[in-house]
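In: Let's see this in three dimensions:
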Amino acid sequence: MVNTPSDAPSTSAPTAPSPGAPGRLGSLGPVGLVLAGGISVQFGGALAVTLMPRAGALGVVTLRLFAAAIVLLLVCRPRLRGHSRADWVTVVVFGIAMGAMNGLFYESVARIPLGPAVTLEVLGPLTLSVLTSRRLINVLWAALALGGVFLLGGGGFSDLDPAGVAFALGAGGMWAAYIVFSARTGRRFPQADGLALAMAVAALLFLPLGITAAGTRLLDPATLALGSSVALLSSVLPYTLELLALRRLPASTFAVLMSLEPAIAATAGFLILGQSLSLTQAAAIALVIGASIGAVRTQVGRGRAA
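Out: This next block holds a predicted model:
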């Protein structure tokens, strides 16, 4: 399905959150929800790196999706009846995009460093931002963030494994699809019911791949425990927060906010791993944050005017 500007969430005044949205999470505001989700993903990603030698990239994805699906299905208990064919098509495509995004990304980080992988992946949401924007100023913010992304990647990616680069770019394309269908799913299903069903679809699709790649290693107690932690930090919490945010945030603004992911990763590396930042990397982070702030201010201004 081709994504057109009319398919994206409206860029008019944000709609009110659904009655089923958790009050405490909703009080953070859509921007706070996105940022909290990004931080959770980075901690989950760091934990997933330690798990990869135990189960491999596809095994990690399978554990992450399966554990997340079980948690969400138990918590949400989504209703299976009463949905239209269009509802089910939307949630299935959402699940396919979610599974593909995770699988491609972990195949990428198995071949290239995490920072460049996230940097390349975020090009997908940035492209979506340009395609769905109806205002020239949003194109400017996306271009500014894009410049920061390339700076953060050291100005080029010629020294990286070509397959890893291809997997990261593919993950970025699936990330853009995830943004679009997450928003549609949030409008069609109450609370996080659609997310739970989509996660189950993704887990079932990846189960054969995980069994083939990791086999009985998936049943190791320590591996299961780590996989469940990765699922909570990298899937359950951030995807729920993003789904709630997309009910009140246009896809174009959300996509620019996604450019904060490389900056969060670099900051976490400095604070937790003691990795120093070069002047170029610091400038890149400043560009990305500046673009995100600009996108948020533009959205807030439109909301107040409306």
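
In: hey, let's count contacts and neighbours off CA atoms from now on
Out: Fine.

In: This structure: helices as residue ranges?
Out: 23-26, 29-76, 85-109, 114-121, 123-132, 136-152, 162-188, 193-214, 221-231, 237-246, 251-257, 260-273, 279-305 (DSSP state H).

In: from these, which stretch is densest packed?
Out: Mean neighbour count (mean count of other Cα atoms under 10 Å) peaks for helix 251-257 among the helices of the chain, with a mean of 29.

In: Quick one: mean pLDDT for it?
Out: The average pLDDT within helix 251-257 is 69.

In: ok, now stretch 185-200?
Out: The average pLDDT within stretch 185-200 is 86.

In: Could you point out which residue ranges in the stretch 101-250 of the chain have low pLDDT?
Out: Along the stretch 101-250 of the chain, the model assigns pLDDT under 70 to residues 133-134, 152-159.

In: OK, contacts around the spatially closest residue to residue 181 that is not a sequence neighbour?
Out: Spatially, and ignoring its direct neighbours in sequence, residue 181 is nearest to residue 94 (5.2 Å; Cα to Cα, 6 or more residues apart in numbering). Neighbouring residues of residue 94 by Cα atoms under 8 Å, 6 or more residues apart in numbering: 177, 178, 181, 182, 185, 198.

In: Please report how far residue 51 lies from residue 59.
Out: Counting by Cα to Cα, to the nearest Å, the separation of residue 51 from residue 59 is 9 Å.

In: so who does the nearest residue to residue 38 once chain neighbours are set aside touch?
Out: Nearest-residue entry for residue 38: residue 261, 6.2 Å, with adjacent residues in sequence omitted and distances by Cα to Cα, 6+ apart. With contact set as Cα under 8 Å, 6+ apart, residue 261 has these partners: 38, 42, 118, 119, 122.

In: quick one: contacts for residue 173?
Out: 101, 121, 124, 125.

In: Does the last one touch residue 253 like I think?
Out: No: counting by Cα atoms under 8 Å, no contact exists between residue 125 and residue 253, whose distance comes to 9.8 Å.
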